[in-house]
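S.K.: kindly return the folded structure for what I paste below:
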Amino acid sequence: PPQCDGYRLAMASDIHIGSMVAAKEAQWAVDQINALDPDAVALVGDIGDQSVNDAVRQKLKPLGGLKARDGVYMSFGNHENQQDIHGFRKVFREESPLADAITVLENEHAILTKGDTEGCSIALVGMADWSGHGAMSRFDGQVAPDFEKAISSVPGPNGTTIENDEPLSKSLPMIMMQHQPVNMQQAARDGVGLQ
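M.R.: Numbers count the residues shown, from 1 in each chain. As a prediction, the model looks like this:
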């Protein structure tokens with residue numbers, strides 16, 4: 001909508017902190033994203049790619065420095081899902097500094113408002129990764145993507161999910177965060193304008 005003209009959403013995926021990227025490179029990525037002065041940041045999966053331990057926590061720590069007026073959001077990818085989904089949920093939903101700086105959207109949504117200054121409203125819909133769907137789900141704790149749940153649920157305190165009685169209005173512009181967007185045509189039919 002016109003009220004959202006000039007909205008800047010910075011997106012990053014496949015950073016692979018752990019096996020390929022250390023804290024120094026993670027800090028470089030954070031500096032590059034922050035230099036864009038984004039309204040919001042979307043981290044769309046495969047941000048980390050090893051089981052979570054103290055060394056991986058230290059490598060992920062720079063992500064806590066990401067800054068955006070409407071917040072920093074993350075959805076998981078196949079590497080988080082298949083390596084250590086419980087560990088990644090804990091780090092990003094419960095542990096400082098990451099839980100303080102980043103909101104995980106796993107079949108949940110948030111409303112972006114451009115700092116609530118111009119009447120702008122955009123739904124950012126974060127989906128679980130397809131590696132948690134059906135026969136692909138091989139690891140404990142994986143969740144399948146669920147669009148209907150995502151448009152009815154928002155992140156709550158301490159990593160909880162709050163399910164609303166009413167889903168998002170389909171007239172609201174929607175951006176979907178999904179690491180493997182294998183169902184783009186269905187998402188478009190559901191009203192997603194950008195995936």
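S.K.: spatially nearest residue to the residue positioned nearest the centre of the chain (excluding sequence neighbours)?
M.R.: By Cα atoms, centre = their mean, the chain has its centre lying nearest to residue 74, at 1.9 Å. Nearest in space to residue 74, with sequence neighbours left out and distances taken as Cβ to Cβ, 6 or more residues apart in numbering, is residue 43 at 4.1 Å. In this view, the C-beta of every residue, glycine as well, is placed from N, C-alpha and C.
S.K.: which of the three states applies to the one you found?
M.R.: The three-state label given to residue 43 by DSSP: H, G, I helix; E, B strand; the rest coil is strand.
S.K.: that one against residue 10, yeah?
M.R.: No. Contact criterion Cβ atoms under 8 Å: residue 43 and residue 10 do not qualify, at 9.4 Å.
S.K.: what is the lengthiest helix in the chain packed up against?
M.R.: Assignment by DSSP state H gives helix 78-94 as the longest helix of the chain. Under the contact criterion of 3 or more Cβ pairs under 8 Å, 6 or more residues apart in numbering; DSSP states H and E, helix 78-94 touches helix 98-101, strand 103-104.
S.K.: can I get the CA coordinates of that helix in CSV?
M.R.: The C-alpha coordinates for helix 78-94 follow below in CSV (Å, rounded to 0.1, in the frame of the first residue of the first chain):
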residue,chain,number,x,y,z
ASN,A,78,16.4,-27.4,6.9
HIS,A,79,19.8,-27.2,8.6
GLU,A,80,18.4,-25.9,11.9
ASN,A,81,15.6,-28.5,11.6
GLN,A,82,17.8,-31.4,10.9
GLN,A,83,20.9,-30.6,13.0
ASP,A,84,19.4,-29.6,16.3
ILE,A,85,15.9,-27.9,16.2
HIS,A,86,15.5,-28.1,20.0
GLY,A,87,18.9,-26.3,20.5
PHE,A,88,18.1,-23.6,17.9
ARG,A,89,14.7,-23.0,19.4
LYS,A,90,16.3,-22.6,22.9
VAL,A,91,19.0,-20.3,21.7
PHE,A,92,16.7,-18.0,19.7
ARG,A,93,13.7,-18.1,21.9
GLU,A,94,15.1,-18.3,25.4
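S.K.: most remote residue from the middle of the protein, which is it?
M.R.: In the chain, counting by Cα atoms, centre = their mean, residue 2 sits farthest out from the average C-alpha position, at 25.0 Å.
S.K.: residue 21: neighbour count?
M.R.: Neighbour count of residue 21, defined by other Cβ atoms under 10 Å: 19.
S.K.: that older thread, can you pull up the bridge partners for the residue nearest to residue 74?
M.R.: Partner residues in beta bridges with residue 43, using DSSP bridges, are residue 12, residue 74.
S.K.: OK, contacts around it?
M.R.: Residues counted as contacts of residue 43 (Cβ atoms under 8 Å, 6 or more residues apart in numbering) are 11, 12, 13, 15, 63, 72, 73, 74, 75, 102.
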